[in-house]
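Visitor: Sequence and predicted model, in that order:
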Amino acid sequence: MFPLPPIAFGILNLPMLGWLAAAAAPIVIHLLSRRRYREMSWAAVEYLLAAVKRQNRRLRFEQWLLLAIRTLLVVLLVLAVAEPYFQRAGFAGGGGGRVHRLIAVDASFSMAYKPAEQSRFERARQLAQQIVEESRQGDAFTLVLMASPPKVVIGTPALEPGEVLDEIDHLQRTDTSADLTATVAKIRQIIETARREHPGLARHEVYFLTDLQRVTWRPKLPRAAMAELRRGGTALAQAASLVVIDLGQPDAENLAVTDLRTREPIATLAGEVLFEATLRNFTRQPRVDEPVQLLVDGRRVAETYAGLPPGGESLVGLSYRFETPGDHAVEVRIDGDALAMDNRRYLAVPVRQSLRVLCIEGRPSGEPYRGASDYLAVALSPLGNRFEQTRVQVDVAMESALLERDLGRYDCLLLCDVAQFTAGEARVLAAYLQNGGNVVFFLGEGVLPGRYNNELGGTSQTPRILPARLENPSPQGVYFINPLQYAHPMVRAFRGREEAGLSRVPIFKYFKLDVPKDSNAKVVLGTAGGDPLIVEEPFGRGRVVLVATSADTSWSSFPLLPGFVSLVQEMLAFCAGGELKQRNVEVGRPLVTSVPAPSGDVSVLVQAPDGRSQPAQLRAEGDYAVLSFAETADSGVYTVRLGRPIDENRRFAVNPDTAESDLAQVTPDELRSEVWPGVPLLHQTTWQDLDRRPAAGPIARSARLYVGLLYVVLGLLFTETYLAWRFGYHTS
C-alpha cells in the first residue's frame, strides 16, 4: 500500500491536469527554431569562431534558462487552475483503496446561529460539499441529517459526486433538536449495510459537522440511556474512523423567549387576557430595557421593557382584550440577535364567547340549594347567565340530556349524584371524551357503585372511563382534606393561601376509591387518613375528574365555604384548558384535532408558517373524524382549513424546544472523557476568528496552493520579459 502524496486535487479539477501537455510547446518551438537553419562552412568567417566559442557556454545557459522559465510558466498556470491543496490527517487520505464517507450534518435549530455572513448550518453544507469535491475518484458517500428524529438523505453509498453535491445543496435545517443516540444508530445501520453490500469499499469514515452544543452531545439522559449512547459510539468507532468538525464558537451568546402562556388557560370575551412571557439571557452581560412586543394576528397591540441579569431570566406580563371569538395567533417578540429564530414565540389561542358547561342533576329538587348541582352551578357562574359576556354559561338538565343533547357544544360535563349509567350513555361519554370533552363526576348518596364500575369501569363494549374504582362509602364522621403539598396543578393556586381553609374543610362521608396502579390517574386531594378524595386522568383528548364526595352539603360543608368557588373554577380551568395545550405543541409533534363525523368528504388543507399549503385527510373514529398532521419540523403558526360543511379554520402554534437556545458547547476533553470515553476520534475546529479572517476548511482549503502559484506565475512573467530583453540587448 503506497502512501498518498501530500498534495492532492479536487475531483472536478483533475481534467485540468491534461493541459500539462502544453508545457512541451516551448521545447517544440525551440527545436523547430533550430531546424530552420543549415550550417555551412565558410572560410571568411573562420576567424570569428574563436570569439564565438568564448561566449558559447554563457549563451547556451541563457537559452536554456529562458526555455525552462517558459516551460515552468505553462506548468504552474495549469496547476493553479486545477487548484491543488495540501492533505491533512483524517481527510482525503491515509491509506489506499476506495473510501466510504458518511457525512452527518447537524440540522438542529442552534445551527441557525449566524455570527458572520454564514450561519453554522450554511457553513456545514459548504464543508460537506468540500469533502465530496476533494475526495478521490471512486470514493462513495452517504448523507444523514442530525435531527429529532434523524433523517437519512442518502442511505446507499453514492459514487456520483454531482448527485451528492446536489443533495447537500438542498439540505434544509430543522427547528428540532438533534437526537445523537438515534443518529448514531442510523449511521451504524448504514455502515453495516455498506460493508455487506459494497465489499469493494476498503474503509469507512464518519464526519460529524456540528456545533457540539451541550444539549445534543451531553444530554441529560437516564443512566441506562447514557450507557446506550456510549456503547453506540464505541461500536461506531470499531466500524469507521470518526471525525468531529466543530462549527461552534465558545463565546456564543444568545437572548431568547423561552415560554409564552396565558395566566388563565381559557380565553373568553368577558375580560382581558394576561399573557406571560419568559425571557432568558444566555450572555455574560446584563440587558437593560429590552423591548418586548405583543402581537395578535400579526398586529402589534402592546409593548413593554424588561431587564435581565447575566445568565438569568425575567417574566414579562402583557394583556389584551379580544374583540371577536375564534382562533387567534399571539406572538411575543424581542430584538434580533445572531440566533433570530428564538427571539419570538407563538401561542394559538381559541377565544370563546364564553365557556359552556352542562350540569346533570341526579337529585333534582324544587327548593333552592336542595338539588345536587345547585351549589355547583352558582360556583361556576356566580352572576348566572343574565349577561352576554359571562365567562361561564351553565345549563342544568336531567340525566336524559346525555342522549338528547349535542354534547359537543359543551366544554365540560358535571355529573352530580347520578345514580347509574346505561351502556348507551357510557358510549356517548366515551365518544365525547375522545373528541376532547371533559367530564367531572361528583358522587353522593344516590350513587350505585356497582353500576358505575360495571358500565364505566371498562368492559368489552366500552373502555374504562373512571380513573378509580368505587368501593364502599366511608362511615359517617368528620374527615379533613390532605392537600398533598398542593402539588397538582388543579390546587396549586391554594399554595400559600392556607386562609382559604382547604385543609380545614370537614368531609362527612365519601366513597373509598381504588386507583389502578398501572394507570395515568393522579390523586389531586386526599383525606387526612390517606384515602384519595379527588382523582383525575386523561381520556382520549379529554379528561375525567372523579370527586369522591358530593357537590352539595349532604356529605360535606365545603360548598358553604369561599374555597369551594375557587376549587370549582380551578377544576374547570384545568379541564377546559386542555384545548389550549392541544393547539400549542413542540416542533416535531403532530397537530391533532377532531370534528363531529361529517356526512360526506371534507376537504382539509394545512397551511404551514411559510405560506405553503398541503392537503390532509380526516380519519373516522366512531362519531368523530380526527386529523393528525405530523409534518411540523418548522416553528410558527399553522392553519388547518376545514371545508364544507364544517367550513372552519383552526390555528396551531408550533415552537422549538428552547433548551437549544443555550449555545454552551461540549469541550473536546469532555467529548473524549465523558461522552465517548476511550473512543478514538479526530476533533477539528474550522471556524475561528471568523470576523477577522476566513475560516479554514476540514481539508485545508486555506492551504490551497493556487493563489501562491498564480503569484509565482506573475513573477515568472516579469522575470521572463526582463531576461529576454536583457539577453537580447547583451547579445546584440
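Guide: All right, it came through fine.
Visitor: From what I see, V595 and A625 are in contact.
Guide: Yes. Counting by C-beta atoms under 8 Å, V595 does reach A625; the two are 5.5 Å apart. In this view, the C-beta of every residue, glycine as well, is placed from N, C-alpha and C.
Visitor: so what sits against both of those two?
Guide: V602, L618 (C-beta atoms under 8 Å, 6 or more residues apart in numbering).
Visitor: More neighbours: the two, which one.
Guide: A625 (21 against 18; other C-beta atoms under 10 Å).
Visitor: my read is the more buried one is in a helix, agree?
Guide: No. Secondary structure assignment places A625 outside any helix; it is strand (DSSP: H, G, I helix; E, B strand; the rest coil).
Visitor: List the contacts of it.
Guide: S594, V595, P596, A597, P598, V602, L618, R619.
Visitor: and those, which two are the farthest apart?
Guide: The distance between the two most remote of those (C-beta to C-beta) is 13.8 Å, for P596 and R619.
Visitor: Phi, psi for T632 please.
Guide: When read as degrees, to the nearest 10, the backbone of T632 gives phi -120, psi 50.
Visitor: Just give the nearest non-adjacent residue to it, would you?
Guide: Nearest in space to T632, with sequence neighbours left out and distances taken as C-beta to C-beta, 6 or more residues apart in numbering, is V654 at 4.9 Å.
Visitor: Retrieve the pLDDT associated with the one you found.
Guide: Predicted confidence (pLDDT) for V654: 96.
Visitor: go on, the one 10 residues further on?
Guide: pLDDT for A664: 92.
Visitor: can you pull the contacts of D211?
Guide: So D211 contacts D106, S110, M111, Y113, R120, D246, L247, G248, L663, Q665 (C-beta under 8 Å, 6+ apart).
Visitor: Now with 10 Å, please.
Guide: Shown in contact with D211 (C-beta atoms under 10 Å, 6 or more residues apart in numbering): 106, 108, 110-111, 113, 120-121, 123-124, 178, 217, 245-249, 252, 663, 665-666, 687.
Visitor: Between its first and last residues, what's the separation in stretch 449-462?
Guide: Using C-alpha to C-alpha, to the nearest Å, one end of stretch 449-462 lies 17 Å from the other.
Visitor: can you count the residues close to the nearest residue to A625 once chain neighbours are set aside?
Guide: Take A625 and drop its neighbours on the chain: the residue closest to it by C-beta to C-beta, 6+ apart is L618, 4.0 Å away. Applying other C-beta under 10 Å, we find 21 residues neighbouring L618.
Visitor: Quick check on R612: phi, psi?
Guide: Dihedral angles for R612 - degrees, to the nearest 10 - are phi -70, psi 140.
Visitor: Settle this for me: it is touching T639, isn't it.
Guide: No. The criterion here is C-beta atoms under 10 Å, and R612 misses it with T639 at 11.4 Å.
Visitor: neighbour count winner among those two?
Guide: Neighbour totals were compared for R612 and T639, and T639 leads with 18 against 9 (other C-beta under 10 Å).
Visitor: For that one, which non-adjacent residue is closest in space?
Guide: Q607 (4.3 Å).
Visitor: which residues does the one you found bridge with?
Guide: S613, T639 (DSSP bridges).
Visitor: Pull up the per-residue confidence for it.
Guide: Model confidence at Q607 (pLDDT) stands at 96.
Visitor: how many neighbours does the residue lying closest to G540 once chain neighbours are set aside have?
Guide: Nearest residue to G540, sequence neighbours excluded (C-beta to C-beta, 6+ apart): Q434, at 3.5 Å. Residue crowding around Q434 was assessed by other C-beta under 10 Å; the count is 19.
Visitor: do T632 as well
Guide: 22.
Visitor: same thing with Y320?
Guide: Y320 has 18 neighbouring residues, counting by other C-beta under 10 Å.
Visitor: One more: G424?
Guide: 12.
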